[in-house]
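K.L.:
Predicted model and sequence below, questions to follow.
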Amino acid sequence: MATTSLDKSKIRILLLEGVHQSALDTLHAAGYTNIEYIKHAISETELKEKIADAHFIGIRSRTQLTDDVLQHADKLVAICCFCIGTNQVDLKAATRRGIAVFNAPFSNTRSVAELVLAQAILLLRGIPEKNASAHRGGWMKSAKNSYEIRGKKLGIIGYGNIGTQFSVLAESLGMDVYFYDVVAKLPIGNAKQVGSLKELLNQSDVVSLHVPETPSTRWMFGAEQLAQMKPGSILMNASRGTVVDIEALTETLRSGKLLGAAIDVFPVEPRSNDDEFISPLREFDNVILTPHIGGSTVEAQENIGREVAEKLTLYSDTGTTMASVNFPEVALPSHPNQHRLLHIHENVPGVLSEINRVFSENDINVCGQYLQTNEDIGYVVIDVDKEYSELALEKLKHVKATIRCRVLF
Ligand SMILES: NC(=O)C1=CN([C@@H]2O[C@H](COP(=O)(O)OP(=O)(O)OC[C@H]3O[C@@H](n4cnc5c(N)ncnc54)[C@H](O)[C@@H]3O)[C@@H](O)[C@H]2O)C=CC1
Ligand SMILES: O=C(O)C(=O)COP(=O)(O)O
């Protein structure tokens, strides 16, 4: 019988942006050896070339997998984001092509929360300016504009995993925490949800953004919101570079209204550590500029590497899609002595009955069947005796609304 399932050594995995060694170790331990490992993000042209051969791609926040790029990804089975955000992936385009997307939804949460807490303390004491001055031979010994964090009001925008972690840490240091979120959220500890962003900004000494990049958060923080902030307050953004209008922030900082700012993410970020970081914010000593390292700790990266690589191998080996960002979630047992057919189709009426007809009309015994759908696609997994998989695969490919169909053994 012809082989339809790929040998592991032929499954090509492209890993970009220097994902942690733990990812490579996990993949090697699972028998995957055909891995191209690149330490930085690559240009769109190179990406289009390389993705054409890849069955799996691993990226972090910098690589943009647009509809245009995915048009070149004929063999791609899954996209693995070794980070929280998946805004860099056109999820609709991936789903339409039957490409599953995975991420690490909370392995770097604590790292971001610790960073912003530290930044709030440093900014309230004016440390960035004093440090910069001392490096130039200055001596700014003064208590002017230098404050304890205790008793200050923290305003968190986006009270999700990171926002709540930060909330807990900030309360433990005596901050009063308020938050604004588009969804009603259970407040942790003594935190209080406020009804509008304006209300939050009017009262907060420290404002910190922890929203995902979505159409509703793109440029949500501009001149109007900066005007609503208290004089002498602080703005921190470790969410996405498209959330804050940098020109408006630059103007506000020039006016001296803010005590300082901490910005970790930028509208355009360098592709590698060899490229120059360009930003109008470079001129301000009272702004902490960090190179998108909110989640860059050894602990977070090691955990993310392992976690996402495990999701990749599980999907590749068994078809399991648990915790996928865009696919219906199906947890599948191993399938010894059987072949497993994976059928991804548009979620339209009549597909299932057509699939079932393939098996009844061809007298193929179904040993196991699993189904899950979401609003866009359906994912059906069927285990059959080995000798029938080739025939079934051929027939299933012709079922209406089929996006992708393959066999695992
Ligand atoms: N700087 C870095 O290295 C890192 C940055 N991030 C960024 O942080 C973001 C947040 O991460 P998590 O807390 O894990 O996400 P999450 O999904 O747990 O929480 C996001 C929260 O924002 C809220 N939200 C959405 N739109 C909003 C709006 N327009 N206004 C107010 N609230 C809104 C949601 O309801 C949710 O409660 C990620 O999407 C990612 O972009 C994440 C990790 C590391
Ligand atoms: O987890 C996220 O969403 C981040 O922003 C971290 O991105 P990175 O892996 O550091 O490129």
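P.N.:
On my side now, so go ahead. Residues are numbered from 1 along each chain as shown. Ligands and ions are numbered 1, 2, ... in the order given.

K.L.:
Give the phi and psi angles for the residue in the chain positioned nearest to ligand 1, as a check.
P.N.:
When distances are taken as CB to the nearest ligand atom, the chain reaches nearest to ligand 1 at Gly160, 1.6 Å away. Just so you know, the C-beta spots here come from the backbone N, C-alpha and C atoms, and that holds for glycine as well. Backbone torsions for Gly160, taken as degrees, to the nearest 10, come to phi -100, psi -140.

K.L.:
do Glu251 as well
P.N.:
phi -60, psi -40.

K.L.:
quick one, longest helix in this protein?
P.N.:
Longest helix in the chain by number of residues (criterion: DSSP state H): helix 298-318.

K.L.:
about what we covered before: which residues sit in contact with the residue of the chain closest to ligand 1?
P.N.:
Neighbour list for Gly160: 181, 210-212 [criterion: CB atoms under 8 Å, 6 or more residues apart in numbering].

K.L.:
In this structure Leu122 contacts Asn286, no?
P.N.:
No. Between Leu122 and Asn286 there is no contact under CB atoms under 8 Å: 10.3 Å.

K.L.:
what touches both of those two?
P.N.:
Joint contacts of Leu122 and Asn286 (CB under 8 Å, 6+ apart) are Pro128.

K.L.:
on that earlier part again, Provide the strand pairings for the helix or strand following the longest helix of the chain, with the direction of each partner.
P.N.:
With elements assigned by DSSP states H and E, the helix or strand that comes after helix 298-318 is strand 338-346. Sheet pairing for strand 338-346, assigned by DSSP bridges, gives strand 377-385 (antiparallel), strand 402-408 (antiparallel).

K.L.:
Flag every buried residue along the first one.
P.N.:
Going by neighbour count (16 or more other CB atoms under 10 Å), the buried part of strand 377-385 is 377-384.

K.L.:
so how far is it off the chain centroid?
P.N.:
28 Å (CA atoms, centre = their mean, to the nearest Å).

K.L.:
Mind putting the buried residues of strand 377-385 into a markdown table with pLDDT and distance to ligand 1?
P.N.:
Formatted as a markdown table, these follow (pLDDT from 0 to 100; distance: CB to the nearest ligand atom, whole Å):
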| residue | pLDDT | distance to ligand 1 |
| --- | --- | --- |
| Ile377 | 97 | 22 |
| Gly378 | 97 | 26 |
| Tyr379 | 97 | 23 |
| Val380 | 96 | 29 |
| Val381 | 96 | 28 |
| Ile382 | 96 | 34 |
| Asp383 | 95 | 35 |
| Val384 | 96 | 39 |
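
K.L.:
Considering those residues, which is situated nearest to ligand 2?
P.N.:
Ile377 (24.4 Å).

K.L.:
Pairing partners for the closest one in the sheet, please.
P.N.:
Glu346.

K.L.:
Let me see the contact set for the spatially closest residue to Ser233 that is not a sequence neighbour.
P.N.:
Among residues not flanking Ser233 along the chain, Asp205 sits closest, at 5.3 Å (CB to CB, 6 or more residues apart in numbering). Neighbour list for Asp205: 124, 147, 152-154, 230, 232-234 [criterion: CB under 8 Å, 6+ apart].

K.L.:
Just those: which are in strands?
P.N.:
153-154, 234 (DSSP state E).

K.L.:
residues contacting the residue nearest to the spatial centre of the chain?
P.N.:
Nearest to the mean C-alpha position of the chain, by CA atoms, centre = their mean, lies Gly85 at 2.0 Å. Applying CB under 8 Å, 6+ apart to Gly85 gives the contacts 61, 103, 212-213, 240.

K.L.:
Can you say which helix or strand has Phe106 in it?
P.N.:
Using DSSP H and E, no helix or strand contains Phe106.

K.L.:
Surely it and Val112 touch.
P.N.:
No. Between Phe106 and Val112 there is no contact under CB under 8 Å: 10.3 Å.

K.L.:
higher neighbour count, the two?
P.N.:
Val112 (26 against 16; other CB atoms under 10 Å).

K.L.:
State the distance from the more buried one to Val358.
P.N.:
Between Val112 and Val358 the distance is 48 Å, computed by CB to CB, to the nearest Å.

K.L.:
Measure how buried Pro212 is and give me the count.
P.N.:
15.

K.L.:
before we move on, what SS does the closest residue to Asp383 other than its chain neighbours have?
P.N.:
Among residues not flanking Asp383 along the chain, Gly368 sits closest, at 3.9 Å (CB to CB, 6+ apart). Three-state call for Gly368 (DSSP: H, G, I helix; E, B strand; the rest coil): strand.
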